[in-house]
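>>> Build me a model:
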Amino acid sequence: MREEIILKLKESGEVKIAFAADSARVQVVRKVIDRIRESFASGGKILIFGNGGSAADAQHIAAEFINRYAKDRKALPAIALTTDTSILTSIGNDSSFENIFSRQIEALGSPGDIAWGISTSGKSLNIVRALEVAKSKGLVTIGFTGREGGNMKDIVDYHVNVPVESTARIQEVQMTISHIICELIENNVALRE
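Model (predicted):
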């Protein structure tokens, strides 16, 4: 079992190193950071969403922005669209599971806000639909995907793709990149006295 643990740790590290070595992918992350900074500076907010483990990641990222990543500083506006069970179940029951995020973006999104969808496949219909609605409303769209990027790659303004097949490895890199984004944004926010 020791060898299997070491192998999985090495696999995870190798995917991260490969991502870091791809200057085009790193450049997209830099652009994402710039766009989020611009949105916050102009009074915008981030709406983050995903299914399953990606839903948990959306909540994690929102918490890092609202509370803190590593420093005490002013709160930054971020909403995980995955947390209100009454909204999610009413939309899923009365309309369609495909609309659970798009209806929230319709209600909460404003031009200049960020819609950040997370999907390892890039094919989740509810994520794709939400990003389409976000674009139609003038939100900046970010898609975190894996594998080939699915339909999301053709919809979003900024596509951050981890081009491997393993869901676990994709999610590990996505969370590492999310932490980098939070840290670099936090480093440029005025700290509380």
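
>>> Select the longest strand from the protein.
Ranked by residue count and defined by DSSP state E, the top strand of the chain is strand 140-146.

>>> Gly122 contacts Asp154, doesn't it?
No - in this structure, Gly122 is not within contact of Asp154 by Cβ atoms under 8 Å, at 9.4 Å. Where C-beta positions appear, they are placed from N, C-alpha and C, glycine not excepted.

>>> More neighbours: which of the two?
Taking neighbours as other Cβ atoms under 10 Å, Gly122 and Asp154 compare with Gly122 leading, 25 against 11.

>>> and the gap between the nearest residue to that one once chain neighbours are set aside and Arg25?
Distances taken as Cβ to Cβ, 6 or more residues apart in numbering place Gly150 nearest to Gly122, at 2.5 Å, with adjacent residues excluded. As judged by Cβ to Cβ, to the nearest Å, Gly150 and Arg25 stand 17 Å apart.

>>> Does the residue nearest to Gly122 touch Lys123 like I think?
Yes - between Gly150 and Lys123 there is a contact at 3.8 Å, judged by Cβ under 8 Å.

>>> Give me the more crowded residue out of these two.
Higher neighbour count among Gly150 and Lys123: Gly150, with 20 against 15, using other Cβ under 10 Å.

>>> ok, now which ones touch that one?
119, 121-124, 128 (Cβ atoms under 8 Å, 6 or more residues apart in numbering).

>>> Next one, pLDDT for it please.
Per-residue pLDDT puts Gly150 at 97.

>>> Val189 now?
Confidence for Val189, expressed as pLDDT, is 73.

>>> what's the spacing between it and Lys31?
Relative to Lys31, Val189 is positioned 19 Å away (Cβ to Cβ).

>>> Those two - which one has more neighbours?
Val189 (18 against 14).

>>> any idea how far Gly44 is from the more buried one?
With Cβ to Cβ as the criterion, Val189 and Gly44 are 14 Å apart.

>>> Glu186 now?
Counting by Cβ to Cβ, the gap from Glu186 to Gly44 is 17 Å.

>>> Paired strands for the longest strand of the chain, with orientation please.
strand 114-118 (parallel), strand 158-162 (parallel) (DSSP bridges).

>>> Turn the ones you listed into a markdown table, including distance to Met175.
Conversion of the strands paired with strand 140-146 to a markdown table gives the following (distance: least, Cβ to Cβ, whole Å):
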| stretch | distance to Met175 |
| --- | --- |
| strand 114-118 | 10 |
| strand 158-162 | 11 |
